[in-house]
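Colleague: no FASTA, just this:
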């Protein structure tokens, strides 16, 4: 038991000595998660890093996007390639988001879920 504790302590000291840091955790109460097809997107209006908001989108198999609207009615879209994730930090609080994904269906278009 003492040997395990010493190893854990040594590992923690080593990690601190190399400048590794743990990422700041966002406030879970402020996070909104939406899904459409295989797309997942999140909004956090209290990310804890000084930004007004934080938005993330990901899709493992298709190009995707997240639409986000601020309280002034401005709508923006963040795109991501299949198998990748993307984030942005708008300088204002965001009212709502919706997840979207690219579907070929003969026309090639982004289809989106409901606003949340």
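Modeller: Great, that's in hand. Please read these numbers as outputs of a predicted model, since none were measured by experiment. Numbering: from 1, shown residues only.
Colleague: by contact count, what packs against the host helix or strand of residue 77?
Modeller: Assigned by DSSP states H and E, residue 77 belongs to strand 75-80. Applying 3 or more C-beta pairs under 8 Å, 6 or more residues apart in numbering; DSSP states H and E, we find strand 75-80 packed against strand 54-59, strand 64-70, strand 84-88. Every residue, glycine included, has its C-beta placed from N, CA and C.
Colleague: Pairing partners for the last one, with directions?
Modeller: Strands adjacent to strand 84-88 in the sheet, as given by DSSP bridges, are strand 54-59 (antiparallel).
Colleague: Okay, angle between the partner strand and strand 75-80 too, please.
Modeller: Orientation check (axes from the mean of the first three to the mean of the last three C-alpha atoms, to 10 degrees): strand 54-59 against strand 75-80 gives 50 degrees.
Colleague: Report the buried residues of the longest strand along the chain.
Modeller: Scanning the chain for the longest strand, with DSSP state E as the assignment, gives strand 94-103. Within strand 94-103, the residues that count as buried by 16 or more other C-beta atoms under 10 Å are 94-102.
Colleague: What of stretch 108-116?
Modeller: Buried residues in stretch 108-116 (16+ other C-beta under 10 Å): 110, 112-113.
Colleague: now, which of those sits nearest residue 64?
Modeller: residue 110 (8.1 Å; C-beta to C-beta).
Colleague: Contact partners for the closest one?
Modeller: By C-beta atoms under 8 Å, 6 or more residues apart in numbering, the residues touching residue 110 are 65, 100-103.
Colleague: The same query, at a cut-off of 10 Å, please.
Modeller: 36, 39, 62-65, 67, 77, 79, 100-103 (C-beta atoms under 10 Å, 6 or more residues apart in numbering).
Colleague: pLDDT (mean, whole number) over whichever strand or helix holds residue 43?
Modeller: Using DSSP H and E, residue 43 maps to strand 39-44. If you average the pLDDT over strand 39-44, you get 98.
Colleague: can you check stretch 65-83 too?
Modeller: Mean predicted lDDT for stretch 65-83 stands at 97.
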